[in-house]
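A.B. asks: prediction below, plus the sequence it came from.
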Protein chains: 4
Amino acid sequence: MTGDRRPGRPRSEATRRAILAAAIDELTERGYAQLSVEGIAARAGAGKQTIYRWWPSKADVVLDAMLDEAASLIAVPDEGSLAADLAGFLVDTFRQRGQRPVLVGLMAEALLDPVFAVQFRDRFLFGRRDALRTVLARAADRGEIAADVDPEMLLDIVFGVLWYRLLLDHAPLDEEAGRQLATLVVRAAR
Amino acid sequence: MTGDRRPGRPRSEATRRAILAAAIDELTERGYAQLSVEGIAARAGAGKQTIYRWWPSKADVVLDAMLDEAASLIAVPDEGSLAADLAGFLVDTFRQRGQRPVLVGLMAEALLDPVFAVQFRDRFLFGRRDALRTVLARAADRGEIAADVDPEMLLDIVFGVLWYRLLLDHAPLDEEAGRQLATLVVRAAR
Amino acid sequence: MTGDRRPGRPRSEATRRAILAAAIDELTERGYAQLSVEGIAARAGAGKQTIYRWWPSKADVVLDAMLDEAASLIAVPDEGSLAADLAGFLVDTFRQRGQRPVLVGLMAEALLDPVFAVQFRDRFLFGRRDALRTVLARAADRGEIAADVDPEMLLDIVFGVLWYRLLLDHAPLDEEAGRQLATLVVRAAR
Amino acid sequence: MTGDRRPGRPRSEATRRAILAAAIDELTERGYAQLSVEGIAARAGAGKQTIYRWWPSKADVVLDAMLDEAASLIAVPDEGSLAADLAGFLVDTFRQRGQRPVLVGLMAEALLDPVFAVQFRDRFLFGRRDALRTVLARAADRGEIAADVDPEMLLDIVFGVLWYRLLLDHAPLDEEAGRQLATLVVRAAR
DNA sequence: GTTTAAGCGAGACGGTACGTCTCGTCTTGAA
DNA sequence: TTCAAGACGAGACGTACCGTCTCGCTTAAAC
């Protein structure tokens, strides 16, 4: 029942991949601020129009590239206690190296472009958030979260600290920090 | 011994103020993404060179304009308990209306320009952070913070949630949120 | 038994006509400078490739459209005297209204594209030229043209003035002008 | 007495010359159809905006370059007879070598862009036309032109043949052609 | 009172990248 | 084999700003 073929030449999967790869390469080599649609197209051996045909801005290209790469990295730990699950989630998240420039660049773009901000939030940020919300829901079932505590605020604490350190780069985002934050959140939840 | 007047025409205070005012006006009218040195200069009736002579980038102009306006707003509450002080600080902070676009723009710039990031952090962010650190120090003296709790992590929780909500705009930054966060932080600190 | 049928789908006459009609329509509506193969194809409901398969450039399409329309308009007057024949030819030629934009556009293309220039000259310009050459030959037989006069130069005078006024649009191309020019050419020929 | 200095940095004469020279060079090397503002700017070592600041289109650049070069080439011969003056004018005009591509390109542009057409006609074509009109006026004073002959039509004959041969390139534009045309025009004028 | 040394407005300059446009080619499935 | 549809690489278009560079003119202290 997949006969909904559109007429005309179909989109080139090879070109799509070349563009996403070029975006990542340019980004890691020259940084987000120096990223340009022109540069991505040139490196990908593609025309600029081919990029504009499928993505509204360079940020959307980068976001797609990110999601393409890290498709299934959002693991939902389930080790029986909030403390263990949280520590696992944070340590796991912090372990991803080299992503800081990309994440920071995407956030900058989201701050400057409200249209992209929606994409960024819904397709990227809320994916991770949903994973952690599941963890909290299980903890609530186990009675580890007091009734008067809004789980959304707990989520904001976890991701707030994470992004705050990521953006400001004033304090480490390592396993030790992960464990420390997990401990505090468990206490705050009661 | 302030007689070390330099030769030549002195800097025009009127122009300085006109530029800062024009920056704020342009920003509120057209948003940070649409802000340009050219536009600020035109609105201020100033030459571009006059801006570049005194500020390295448009972000520095905006930062100066911010600091000029909100010079003395960082109050350090002292009401005898961490809960009261925290709630006071947060409610006071959240009360500032209309600042979101400016703050978001400055953060975006800081993420894209490492040189400006230092300015932003040291002259703006750390000012607020120091105020809250004082509050926490007093609470520690009163024994409201457990010995194994790193106050810096508590600071990151408070400012993390604050900035996370400010940047994502997915949840309110109102008095209720301030009280809720204060309660959780007090519990986390023990 | 003209069995020289080629295999495959035969060329669509309907499409051919639709393309020529679309070219004329686009041209009169938006002018030659705004003419594009893309636009012609879209208006004709044809694919771009169908145009490129049969015509090397948009100018060739327009030239074909012109020749298709004005197939048999080149009358060769024969009234017994050079003066009468010339006046007849010119008045007849000048009577064609609304052709200026098309002719001017074709000439512009010919000036920019040497390959098309050959088509334009041989298939269009020289057709008219041959007609007038016949008139002159008859006049020469009647002794109306001096032996030392090169008929080709007389042709260039007639078509030169015609095109010069057509292109520059600085003086009228009407019946009065036709008669005036005819008189001068007759005198020049002796 | 000419103290009407405008404020701001004055226009760079060196850059102006570099752009005009680059235009001529590009044109002779690659032809009018391949001429691009981008190419002129690159060869001149100038920014594109600098070109667009002073000329509305590439054709205006080329026209300026032409006029700059051939500033004073329009000689008005005066040898005592229409035949001699005309022959002189034509032979002189035809002698200019290598100008054909430039002239043809400018004419093509004029045909496609009505705004430029006015510039081309008034600043270039009518200059030459005025020169020849002077010649004809003197001939009329000497009685070499019949009263019923419109001198403007004689002008159109001369320039018509000239441009017709220039554009079509089907017959030579040499001294012999010049003399031949002069003879015919003299006879036509009576 | 002149000289010297900036600061100032204006605006031209060489650049970079933008997002759009059209070119001529290529690649589908249907006719 | 042609056709409509439409994606593709290429590259010029004209615009917006960037940060720098002259200009002539103030403005004030130093001489």
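C.D. replies: Perfect, I can see it now.
A.B. asks: any weak-confidence spans in chain A?
C.D. replies: For chain A, the stretches flagged by pLDDT under 70 are A:1-4, A:70-74, A:97.
A.B. asks: domain-wise, how is it divided?
C.D. replies: For chain A, the domain assignment from automatic domain parsing gives the residue ranges A:13-57, A:70-188.
A.B. asks: any part of the last one near DNA strand E?
C.D. replies: No - using C-beta under 7 Å from any atom of the strand, domain A:70-188 stays clear of DNA strand E, coming no nearer than 9.0 Å. (Each C-beta comes from the backbone N, C-alpha and C, glycine too.)
A.B. asks: okay if I get the domains of chain A as CSV plus mean neighbour count?
C.D. replies: Formatted as CSV, the domains of chain A follow (neighbours: other C-beta atoms under 10 Å in any protein chain shown):
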stretch, mean neighbour count
domain A:13-57, 16
domain A:70-188, 17
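A.B. asks: gap between the most centrally placed residue in chain A and DNA strand F?
C.D. replies: Centroid-nearest residue in chain A, with C-alpha atoms, centre = their mean: residue A:124, separated by 4.4 Å. Residue A:124 sits 24 Å away from DNA strand F, going by C-beta to the nearest atom of the strand, to the nearest Å.
A.B. asks: how about the residue nearest to that residue when sequence neighbours are not counted, what does it touch?
C.D. replies: In this structure, residue A:124 finds its nearest non-sequential neighbour in residue A:63, 6.3 Å apart by C-beta to C-beta, 6 or more residues apart in numbering or on different chains. Applying C-beta atoms under 8 Å, 6 or more residues apart in numbering or on different chains, we find residue A:63 in contact with A:106, A:116, A:119-120, A:123-124.
A.B. asks: next one: residue A:139
C.D. replies: Going by C-beta under 8 Å, 6+ apart, residue A:139 touches A:81-82, A:85, A:145, A:189.
A.B. asks: same question for residue A:53.
C.D. replies: Per C-beta under 8 Å, 6+ apart, neighbours of residue A:53: none.
A.B. asks: mind running it again at 10 Å?
C.D. replies: By C-beta atoms under 10 Å, 6 or more residues apart in numbering or on different chains, the contact list for residue A:53 reads A:11, A:47.
A.B. asks: one more: residue A:162?
C.D. replies: A:90, A:93-94, A:103, A:128, A:173, A:177-178, A:181, B:156, B:160, B:164.
A.B. asks: which of the helices or strands spans it?
C.D. replies: Assigned by DSSP states H and E, residue A:162 belongs to helix A:151-168.
A.B. asks: nearest residue to residue A:98 other than its sequence neighbours?
C.D. replies: Using C-beta to C-beta, 6+ apart and skipping residues adjacent in sequence, the residue nearest residue A:98 is residue A:28, 7.5 Å away.
A.B. asks: quick one: contacts for the one you found?
C.D. replies: Contacts of residue A:28 (C-beta under 10 Å, 6+ apart): A:98, A:101-102.
A.B. asks: where does the residue of chain A found nearest DNA strand F land in three-state SS?
C.D. replies: Here chain A gets closest to DNA strand F at one residue, residue A:8, 2.1 Å apart by C-beta to the nearest atom of the strand. Per DSSP: H, G, I helix; E, B strand; the rest coil, the secondary structure class of residue A:8 is coil.
A.B. asks: okay, now it: neighbour count?
C.D. replies: The burial count assigned to residue A:8 is 7, neighbours taken as other C-beta atoms under 10 Å in any protein chain shown.
A.B. asks: that one: what's it in contact with?
C.D. replies: Contacts here follow C-beta under 10 Å, 6+ apart; on that basis residue A:8 touches residue C:47.
A.B. asks: how close does residue A:28 get to residue A:111?
C.D. replies: 21 Å (C-beta to C-beta, to the nearest Å).
A.B. asks: surely the residue nearest to the centre of chain A and residue A:103 touch.
C.D. replies: Yes - here residue A:124 reaches residue A:103: they are 9.0 Å apart, a contact under C-beta atoms under 10 Å.
A.B. asks: common neighbours of the two, please.
C.D. replies: Common neighbours of residue A:124 and residue A:103, counting by C-beta under 10 Å, 6+ apart, are residue A:66.
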